[in-house]
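Undergrad: sequence plus the predicted model coming up.
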Amino acid sequence: MCYRAFFLYLYLSMENKGYIQLYTGNGKGKTTAAFGLAVRALCAGKRVYVAQFVKSMKYHETQIEGLFPCLKIEQLGRGCFIDRSPAAEDIAMAHEGWARCKEYLQSGDWDVIILDELNIALHFRLLEVEEVIEGLRRRAPHTEVIITGRYALQALIDEADLVTDMQEVKHYYTRGVVARDGIER
């Protein structure tokens, strides 16, 4: 009987442990996968916080915030860096956003925290990877963290418990198809 109780304890403690999931690669679907996990968690009664680094455009997925009272989405950037280099304001916004994320990670108030495009913020050196890893290590034990974005740094890959590398095999944008409403944006 003692062994049975011990294994039940182990099982329950593993179920309540939060892990770090990392979605990276040049393929489509990293943010989509993270939002899918958010919906799953919300429907299970969990509280979810989404921090969108770099992004400033309200894509359609952000509208789910109005459907779930236990969901908070914040955008922590001025937009992507396709046609410009990061400015001092981008760096300041990333640091301000990361300070808030660290508070939320440590608070224990959130079951799932999604750090959307954090890899991009790190790639463009808006934040330092050592500071991010330290914040992740100080999170509440039950908090699950999902990190998205291309160009994941090796140190973050090493820190994560689950890494998915989404690779593009074929994409219709090469044939001139632009981002479609409700599908890519």
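TA: That came through fine.
Undergrad: and residue 166, how many neighbours does it have?
TA: Using other CB atoms under 10 Å, residue 166 has 16 neighbouring residues. C-beta here means a position set from N, CA and C on the backbone, and glycine is covered the same way.
Undergrad: no wait, residue 144
TA: If you count neighbours by other CB under 10 Å, residue 144 ends up with 20.
Undergrad: bridged to it, which residues?
TA: Counting by DSSP bridges, residue 144 is bridged to residue 112.
Undergrad: I'd say it and residue 21 touch.
TA: Yes - here residue 144 lies in contact with residue 21, judged by CB atoms under 8 Å, at a distance of 7.2 Å.
Undergrad: what's the burial count for residue 181?
TA: A total of 9 residues lie near residue 181 under the criterion other CB under 10 Å.
Undergrad: need the contact list for the nearest residue to it once chain neighbours are set aside.
TA: Computed as CB to CB, 6 or more residues apart in numbering, the closest residue to residue 181 that is not its neighbour in sequence is residue 60, at 7.5 Å. Contacts here follow CB atoms under 8 Å, 6 or more residues apart in numbering; on that basis residue 60 touches 181-182, 185.
Undergrad: show me where this protein has strands.
TA: Using DSSP state E, the strands found in the chain span residues 20-24, 48-53, 71-76, 112-116, 144-148, 162-165.
Undergrad: for the fifth one, packing partners?
TA: Counting by 3 or more CB pairs under 8 Å, 6 or more residues apart in numbering; DSSP states H and E, the packing neighbours recorded for strand 144-148 are strand 20-24, helix 30-43, strand 112-116, helix 118-123.
Undergrad: likewise the last one?
TA: The criterion is 3+ CB pairs under 8 Å, 6+ apart, and the helices and strands that strand 162-165 contacts are strand 20-24.
Undergrad: show me where pLDDT drops low in this protein?
TA: Applying pLDDT under 70 to the chain picks out residues 1-14, 56, 81-82.
Undergrad: can we see that at 80?
TA: 1-15, 55-60, 79-84, 173-174, 180-185 (pLDDT under 80).
Undergrad: longest helix anywhere in it?
TA: In the chain, assigned by DSSP state H, the helix with the most residues is helix 88-107.
Undergrad: next one: it to chain centre, how far?
TA: Distance, stretch centre to chain centre, for helix 88-107: 13 Å (CA atoms, centre = their mean, to the nearest Å).
Undergrad: ditto for stretch 110-128
TA: Remark: stretch 110-128 is offset 7 Å from the chain centroid, using CA atoms, centre = their mean.
Undergrad: can you mark which positions in that stretch are buried?
TA: Going by neighbour count (16 or more other CB atoms under 10 Å), the buried part of stretch 110-128 is 110-124, 126-127.
Undergrad: over to that stretch now: how far is its first residue from its last?
TA: By CA to CA, to the nearest Å, the extent of stretch 110-128 from end to end equals 24 Å.
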